[in-house]
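Novice: curious how this folds, go ahead:
(4 chains)
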Number of protein chains: 2
Amino acid sequence: MGGSRIGEQGDGVLRLTKKADYGLMALKYLAEHPDSVSVSAKDIADTYGIPPQLLAKVLQRLTKVGLLRSHAGMNGGYALSRQAQQISAFEVIHAIDGPLFITSCTKGSKSCDLEPNCTIKEPLARVNESIAGVLKSISVYDLVDADTAAARGQDGLVTLLHSQAV
Amino acid sequence: MGGSRIGEQGDGVLRLTKKADYGLMALKYLAEHPDSVSVSAKDIADTYGIPPQLLAKVLQRLTKVGLLRSHAGMNGGYALSRQAQQISAFEVIHAIDGPLFITSCTKGSKSCDLEPNCTIKEPLARVNESIAGVLKSISVYDLVDADTAAARGQDGLVTLLHSQAV
DNA sequence: TGAAGTGCGACAAATTTAGTCCTATACTGA
DNA sequence: TCAGTATAGGACTAAATTTGTCGCACTTCA
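Specialist: Numbering: from 1, shown residues only, chains lettered A, B, ... in the order given. The predicted structure is shown next:
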């Protein structure tokens, strides 16, 4: 990183909720088990030690949004509705956490609650889009094998940023 | 599950706290008033209609970190300790919100609390660095005049991302 | 000396996130 | 057809975080 690394390594700025984490972990798991016709929420939850009911809700949400296909009943569960390469981290996070804005003061399409002064919002909105772009360039498949992903040429955006910016 | 806002426009991913917002707004204000020797927290708070005491704390923090210089007593207040061009949004956000990690499960340098399975963390760490890079490429000066910033060549990273990603 | 500042620690309120409970419904297989 | 296993989802509680307030000590300057 340029020079002002303050502590440890791995500082960051983006904050994912646990639900988004769970969702990404689950999709990764599904991508790693293409053999299984469908995997139950409980199986995944057990594997990672996360609350089954909470994961269930996350998966239900991902199903609702169309990223997963569900199957009730015995031997039921979930499966990716597309190839892992075709599902971006952005889609997952967006589906679970909903649209988040870079500035806290931006709610929906309304401007700042009280003041017309939040002139900071506009320039940061572009940053926001940049970040969305990065997230869109990462697929669930990339999560499965990060090294492979790094070697690929397709994510030039990410590697570009990685080498140039940090 | 909380709000299920699905539609809208202007989606984003990065979430800043209000404190970080306030900090950026204050720095922007200071950058816009280079004439003033020092500006009090109250002045800025009044301008933007934000809680004075809260802003005070934010400014104190920025001072502690070295981004601002403070002066107590009458006619006291704060001033940028460097040129606005030399202060990145990353520094501000990091100073106020502290190091945030892209995955919620990463605490300090420890791995996931319970499981050794959070293999998602590692690939996302690179995304994290990318985002940090974007934020580092944005200066307080850029907030003052976003259009000027867009025209400049120096933030090629941002414009690149902007055009390619979203 | 007193008014106007910063510097800080403790605390209270508000909001968000995480997790649980309960019930309904769907599918499967014996 | 019935019992067991799974998804679907609403309501609710608990925990954590964020936001904001209060009070006091200290500094500066007129």
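
Novice: quick one: the helices in chain A, in order.
Specialist: With helices called from DSSP state H, chain A shows them at A:18-32, A:41-48, A:52-65, A:89-97, A:121-136, A:140-144, A:146-151, A:156-165.

Novice: check chain A for the residue nearest DNA strand C and tell me.
Specialist: Distances from chain A to DNA strand C, computed as Cβ to the nearest atom of the strand, single out residue A:73 as the nearest residue at 2.6 Å. Backbone N, C-alpha and C define where each C-beta goes, glycine included.

Novice: and that residue, how many neighbours?
Specialist: 6 (other Cβ atoms under 10 Å in any protein chain shown).

Novice: my guess is residue A:56 contacts residue A:43. True?
Specialist: No. With contact taken as Cβ atoms under 8 Å, residue A:56 and residue A:43 are classed as non-touching, separated by 11.3 Å.

Novice: on that earlier part again, on the pLDDT front, check the residue of chain A closest to DNA strand C for me.
Specialist: The pLDDT attached to residue A:73 in the predicted structure is 97.

Novice: ok, residue A:4 next?
Specialist: Value listed for residue A:4 in the pLDDT field: 22.

Novice: residue A:123 now?
Specialist: At residue A:123 the predicted local confidence, pLDDT, stands at 76.

Novice: correct me if wrong: it contacts residue B:139.
Specialist: No. Using Cβ under 8 Å as the test, residue A:123 is too far from residue B:139 to be in contact (10.2 Å).

Novice: ok, the closest residue to residue A:141 other than its chain neighbours - contacts?
Specialist: Take residue A:141 and drop its neighbours on the chain: the residue closest to it by Cβ to Cβ, 6 or more residues apart in numbering or on different chains is residue A:84, 3.9 Å away. Contacts were defined as Cβ atoms under 8 Å, 6 or more residues apart in numbering or on different chains; by that measure residue A:84 touches A:27, A:30-31, A:139-141, A:144.

Novice: about what we covered before: gap between the residue of chain A closest to DNA strand C and DNA strand D?
Specialist: According to Cβ to the nearest atom of the strand, to the nearest Å, residue A:73 stands 5 Å off from DNA strand D.

Novice: so residue A:90 touches residue A:129, yeah?
Specialist: No. The pair formed by residue A:90 and residue A:129 falls short of the contact definition of Cβ under 8 Å, at 11.2 Å.

Novice: picking up where we left off before, now the helices of chain A in CSV, with mean neighbour count?
Specialist: What follows is these, written out as CSV (neighbours: other Cβ atoms under 10 Å in any protein chain shown):
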stretch, mean neighbour count
helix A:18-32, 23
helix A:41-48, 18
helix A:52-65, 18
helix A:89-97, 22
helix A:121-136, 23
helix A:140-144, 24
helix A:146-151, 13
helix A:156-165, 17
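
Novice: nearest approach to residue A:78 belongs to which of those helices?
Specialist: If you check each of those against residue A:78 by Cβ to Cβ, helix A:52-65 wins as the nearest, at 5.3 Å.

Novice: show me what that closest one is packed against.
Specialist: Using 3 or more Cβ pairs under 8 Å, 6 or more residues apart in numbering or on different chains; DSSP states H and E as the contact criterion, the secondary-structure elements in contact with helix A:52-65 are helix A:18-32, helix A:41-48, strand A:68-71, strand A:77-80, helix A:89-97.

Novice: who's in contact with that helix?
Specialist: The list of residues contacting helix A:52-65 from outside it, by Cβ under 8 Å, 6+ apart, reads A:19, A:22-23, A:26-27, A:41-42, A:44-46, A:68-70, A:78, A:91-92, A:95-96, B:1, B:6.

Novice: try it again at 6 Å.
Specialist: Identification of contacts with helix A:52-65 by Cβ atoms under 6 Å, 6 or more residues apart in numbering or on different chains yields A:19, A:22-23, A:41-42, A:45, A:68, A:70, A:78, A:95-96, B:1.

Novice: could you pick out which of these are near DNA strand D?
Specialist: Among the contacts of helix A:52-65, the ones lying near DNA strand D by Cβ under 7 Å from any atom of the strand are A:41-42, A:70, A:78, B:1.

Novice: farthest-apart pair in those residues, please.
Specialist: The most widely separated members of these, counting by Cβ to Cβ, are A:42 and B:1 (18.8 Å).

Novice: nearest spatial neighbour of residue A:75, chain-adjacent residues omitted?
Specialist: residue A:38 (7.3 Å).

Novice: who in chain A is up against DNA strand C?
Specialist: Taking Cβ under 7 Å from any atom of the strand as the contact definition, chain A meets DNA strand C at A:17-19, A:50-51, A:53-54, A:57, A:71-76, A:97.

Novice: ok so, going back, now render the ones next to DNA strand D among the contacts of helix A:52-65 as a markdown table, adding pLDDT.
Specialist: Formatted as a markdown table, the entries for these read as follows, by pLDDT from 0 to 100:
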| residue | pLDDT |
| --- | --- |
| A:41 | 98 |
| A:42 | 98 |
| A:70 | 98 |
| A:78 | 98 |
| B:1 | 36 |
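
Novice: alright, calling it a day.
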